[in-house]
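Enquirer: Mind looking at a prediction? Sequence and model below.
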Amino acid sequence: MATLTGPMLSLEARGALAKTLTFRHIRGRATVGRFLVPPNPKTPAQISIRGMNRRLAQAWQSISTANKATWQTDAEQKRIAPYHAYLSLNMKRWNRQRGLSQVAGAPELLGVSFLNPFSVFTTTPGKILFLATLVGSNLWNLVFFSIPTGETPFGRNNFLDFTPVFASPFWGGTYYNHPPGTFDFYGWAYGLDGTKSNVQGPFTKVVP
């Protein structure tokens, strides 16, 4: 059954035709395509990507109005919203294990590092407590990875936690529902402009 708005052969047609064709406008242009139900894979990579999308969306809410405005030029060139320009760039950076930037086109000059190696405590089944003392200007967030001992390399599929720190030099956080076993933990910090600290770890702990 047709659910089109407007004559099928006109430039104003929108909607689906008998679940075989779709008519829509993309960036001001009329397009026709096959009707497809999008898949919903639950691979570790897909789950990781979706998790980072959610975290980036949450982090966008805490970015200042001035920093959000820096994404406007890039957005106008691509004919997308500033938020989508921010999301696109930072997902690419994340896939390369680089820092997540609050500002568009920022030089990576801030220099961020852990002052002391972070501590990992695992006394309750599935519960992990992280403690870190940080140094550096304009700290933005911390990233932690968890890898079964003896497995390398680590990548986004081993992603454990992404935590805003909002320039605080002292940080503690808790992660729940970690599987039991012996794991190597890694962590690093990021600055406002995406500068990445040296990787700290591995710190081997037995998770009860």
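Expert: Perfect, thanks for sending it.
Enquirer: the domain parsing of this structure - what is it?
Expert: Using the TED database, the domain ranges for the chain come out as 13-38, 44-96, 114-207.
Enquirer: Lowest mean pLDDT across these, which one is that?
Expert: Among the domains of the chain, domain 13-38 carries the lowest mean pLDDT, a mean of 62.
Enquirer: helices and strands around the strand or helix carrying residue 60, which ones?
Expert: Following DSSP states H and E, one finds residue 60 within helix 44-62. Helices and strands in packing contact with helix 44-62 are listed as helix 82-95, strand 159-164; criterion 3 or more Cβ pairs under 8 Å, 6 or more residues apart in numbering; DSSP states H and E. Backbone N, C-alpha and C define where each C-beta goes, glycine included.
Enquirer: how about those in JSON lines, adding mean neighbour count and distance to residue 182?
Expert: Output for the helices and strands packed on helix 44-62, formatted as JSON lines (neighbours: other Cβ atoms under 10 Å; distance: least, Cβ to Cβ, whole Å):
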{"stretch": "helix 82-95", "mean neighbour count": "17", "distance to residue 182": "27"}
{"stretch": "strand 159-164", "mean neighbour count": "19", "distance to residue 182": "15"}
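Enquirer: With distance to residue 51 as extra columns, can I get the ones you listed in TSV?
Expert: Compiled in TSV, those are given as follows (distance: least, Cβ to Cβ, whole Å):
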stretch	distance to residue 51
helix 82-95	10
strand 159-164	7
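Enquirer: For residue 78, give me its contacts.
Expert: Contact partners of residue 78, counting by Cβ atoms under 8 Å, 6 or more residues apart in numbering, are residue 85.
Enquirer: what about the nearest residue in space to residue 80 that is not next to it in sequence, distance to residue 55?
Expert: Residue nearest to residue 80 in three dimensions, not counting chain neighbours: residue 88, with 7.7 Å by Cβ to Cβ, 6 or more residues apart in numbering. Going from residue 88 to residue 55 by Cβ to Cβ, to the nearest Å gives 15 Å.
Enquirer: next one: residue 186
Expert: Separation of residue 186 from residue 55 (Cβ to Cβ): 18 Å.
Enquirer: Burial check on residue 59, number of neighbours?
Expert: Look at residue 59: counted by other Cβ atoms under 10 Å, it has 18 neighbours.
Enquirer: no, scratch that, I was asking about residue 151
Expert: When neighbours are defined as other Cβ under 10 Å, residue 151 has 10 of them.
Enquirer: That one: what's it in contact with?
Expert: Taking Cβ under 8 Å, 6+ apart, we find residue 151 in contact with no residue.
Enquirer: Can you say which helix or strand has it in it?
Expert: Counting by DSSP H and E, residue 151 is part of no helix or strand.
Enquirer: for residue 103, phi and psi?
Expert: Here the main-chain torsion angles of residue 103 (degrees, to the nearest 10) amount to phi -120, psi 150.
Enquirer: Isn't it up against residue 69?
Expert: No - with contact defined as Cβ atoms under 8 Å, residue 103 does not count as touching residue 69 (9.4 Å).
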